[in-house]
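Chemist: I would like the atomic coordinates for the input below:
(one chain, ligands or ions: 1)
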Amino acid sequence: MIENIEALFKQISCGVYVIGISDGERQNAFTAAWVMPVSFNPPLLAVSINPEHYSYQLLQAGGVCTVNVLGQDQSAIAEHFGRSVQDKMSGFQWQKGKAGAPILLASLAYFDCEVSHYTDAGDHKIVVCRVIAAAKLNTGQPLLYSQTGDMDGSSALYE
Ligand SMILES: Cc1cc2nc3c(=O)[nH]c(=O)nc-3n(C[C@H](O)[C@H](O)[C@H](O)COP(=O)(O)O)c2cc1C
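Modeler: So this is what the prediction gives:
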């Protein structure tokens, strides 16, 4: 056992993102912090996703997603999409990306992606995403995972 691993993991700088997913008309979005760029050419992003999430099933079926960057004043949005609730998408403005996944218009920037492949990572799956479009939407500083405290309840998940 490693003492205080949950606090130590938060020393690794991560932003906070809303991952938009669609499979045809079915859509969902969830908050993720474990996201990073992993290739220059082609541009690839890796997202670590818990395969027990509804969003994982949808991602496997649809094969497309967006990565939307949250700003410093958007921790309420992180909290909202960090829960499994009915009708999560309503009350926000969305635009369909090139591949069909929803872009969160309130975010600082978005990356429109197609799934390249998956790889195993302990109790998560890493989804490697090819970026097919991206743009800045709003001005601001990115929210950091370390600023979200235990919003994700992860302190209870480490052994
Ligand atoms: C700040 C924060 C960061 C999170 N990071 C991740 C993450 O990187 N990967 C993940 O699978 N879930 C992460 N979660 C948890 C999911 O957002 C949460 O379980 C959500 O309910 C999943 O959505 P769904 O049930 O609609 O699929 C995070 C939650 C919060 C609040």
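
Chemist: And the lengthiest helix in the chain, how far out from the chain middle?
Modeler: Assignment by DSSP state H gives helix 54-62 as the longest helix of the chain. Relative to the chain's own centre, helix 54-62 is displaced by 13 Å; criterion: C-alpha atoms, centre = their mean, to the nearest Å.

Chemist: residues in the chain within reach of the ligand, list them.
Modeler: Residues of the chain found near the ligand (C-beta under 6 Å from any ligand atom) are 16, 28, 30-34, 48-50, 53-55, 78, 82-84, 145, 148, 151-152. Placement of C-beta: from N, CA and C, glycine included.

Chemist: Now which of the residues you listed would you call buried?
Modeler: Applying 16 or more other C-beta atoms under 10 Å to these, the neighbour count classes 16, 28, 30-34, 48-49, 53, 55, 78, 82, 145, 148, 151-152 as buried.

Chemist: Narrow these to those in strands?
Modeler: Among those, the members falling in strands (DSSP state E) are 28, 30, 31, 32, 48, 49.

Chemist: Quick one: residues contacting the third one.
Modeler: Residues touching residue 31, when contacts are defined by C-beta atoms under 8 Å, 6 or more residues apart in numbering, comprise 16, 17, 18, 19, 78, 79, 80, 81, 82, 152.

Chemist: likewise residue 56?
Modeler: 49, 50, 125.

Chemist: The helix or strand residue 125 falls within - contacts with which helices or strands?
Modeler: Using DSSP states H and E, residue 125 sits within strand 124-136. Based on contacts counted as 3 or more C-beta pairs under 8 Å, 6 or more residues apart in numbering; DSSP states H and E, the elements that strand 124-136 packs against are strand 44-49, strand 64-69, strand 109-121.

Chemist: Among those strands, show me which one is buried the most.
Modeler: Stretch with highest mean neighbour count among the helices and strands packed on strand 124-136: strand 64-69 (a mean of 27; mean count of other C-beta atoms under 10 Å).

Chemist: picking up where we left off before, would you list the contacts of residue 56 in TSV and tack on pLDDT?
Modeler: Conversion of the contacts of residue 56 to TSV gives the following (pLDDT from 0 to 100):
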residue	pLDDT
49	98
50	98
125	98
